[in-house]
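Participant: generate a structure from the sequence data that follows.
(2 chains)
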Amino acid sequence: DAGVTQSPTHLIKTRGQQVTLRCSPKSGHDTVSWYQQALGQGPQFIFQYYEEEERQRGNFPDRFSGHQFPNYSSELNVNALLLGDSALYLCASSARTADSGSAFFGQGTRLTVV
Amino acid sequence: GNSVTQMEGPVTLSEEAFLTINCTYTATGYPSLFWYVQYPGEGLQLLLKATKADDKGSNKGFEATYRKETTSFHLEKGSVQVSDSAVYFCALSPWGQGGKLIFGQGTELSVKP
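Facilitator: This is a model prediction of the structure:
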């Protein structure tokens, strides 16, 4: 079992550009959540997808959007990048029927905006 | 609203010392509580959890008790090892919000031989 896989591992973008990050959940998991982790901070919840729909959303602007595919994989899109979007982006997967919060995390995508 | 506050780090201990990392929370209803650990160069891993008041979560010698009266979930270990050096995150999942996690800012632990 490969666990949660994210790609790419590192990315450098220019301010104003758009970026897409990808996540494949752990086998057997149907729910994907995305988090933003700034340096030295705890992860902050962006949104969660289940059955290809956004189910919950944190306090992030509409520049952050996502998608979930029929195979449960997910993408996070960020438009009009700002310097402040530089962070580690974490994907977490879980099974909808499992205990809440028992999520498995990927190693993240390090996004640098210059 | 919902929030988690952890003691600030970094915490530096000698091997075999006793560890406490304080965590308090604010939440409506009855959240589930978690400790996650992030080893250098690795992703976040669930260390332990507790889903109701007075529950004790435990794993790898670590334990934490869900204290509703003090809204706390302090992490303890009787004898730390160098391999425990990592960043520890306290988190809560609000009741009825299907797995959304709210994290504290993290506490970096460094254990010296």
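
Participant: pull up the residues of chain A that are close to chain B.
Facilitator: Residues of chain A found near chain B, taking CB under 8 Å from any CB of the partner chain as the criterion, are A:4, A:31, A:33, A:35, A:40-45, A:48, A:50, A:55-56, A:58, A:90, A:92, A:94, A:96, A:99-108. All C-beta atoms are positioned from the backbone trio N, CA, C, and that covers glycine.

Participant: show me how to select, in PyMOL, the buried members of these.
Facilitator: The PyMOL selection below is limited to those of those classed as buried (16 or more other CB atoms under 10 Å in any protein chain shown):
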select buried, chain A and resi 4+31+33+35+42+43+44+45+48+50+55+56+58+90+92+94+100+101+102+103+104+105+106+107+108
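
Participant: the one residue sitting closest to the centre of chain A in helix, strand or coil?
Facilitator: When CA atoms, centre = their mean is applied to chain A, the residue found nearest the centroid is residue A:34 (3.1 Å). Classification of residue A:34 using DSSP: H, G, I helix; E, B strand; the rest coil returns strand.

Participant: surely it and residue A:78 touch.
Facilitator: No: Residue A:34 sits out of contact with residue A:78 when judged by CB atoms under 8 Å, with a separation of 10.3 Å.

Participant: OK, contacts around the closest residue to the residue nearest to the centre of chain A other than its chain neighbours?
Facilitator: The spatial neighbour of residue A:34 that comes closest, neighbours along the chain excluded (CB to CB, 6 or more residues apart in numbering or on different chains), is residue A:46 at 4.3 Å. Applying CB atoms under 8 Å, 6 or more residues apart in numbering or on different chains to residue A:46 gives the contacts A:33-36, A:57-58, A:60, A:64, A:66, A:76.

Participant: let me see the contact set for residue A:86.
Facilitator: By CB under 8 Å, 6+ apart, the contact set of residue A:86 is A:38, A:111-113.

Participant: nearest to residue B:59 among the residues you listed?
Facilitator: Using CB to CB, residue A:38 is the member of the contacts of residue A:86 that lies nearest residue B:59, at 27.4 Å.

Participant: low-confidence ranges in chain B?
Facilitator: Filtered on pLDDT under 70, chain B yields the residue ranges B:98.

Participant: residues of it that sit close to chain A?
Facilitator: Of all the residues in chain B, those lying near chain A are B:4, B:32, B:34, B:36, B:42-46, B:49, B:51, B:89, B:91-93, B:97-106, going by CB under 8 Å from any CB.
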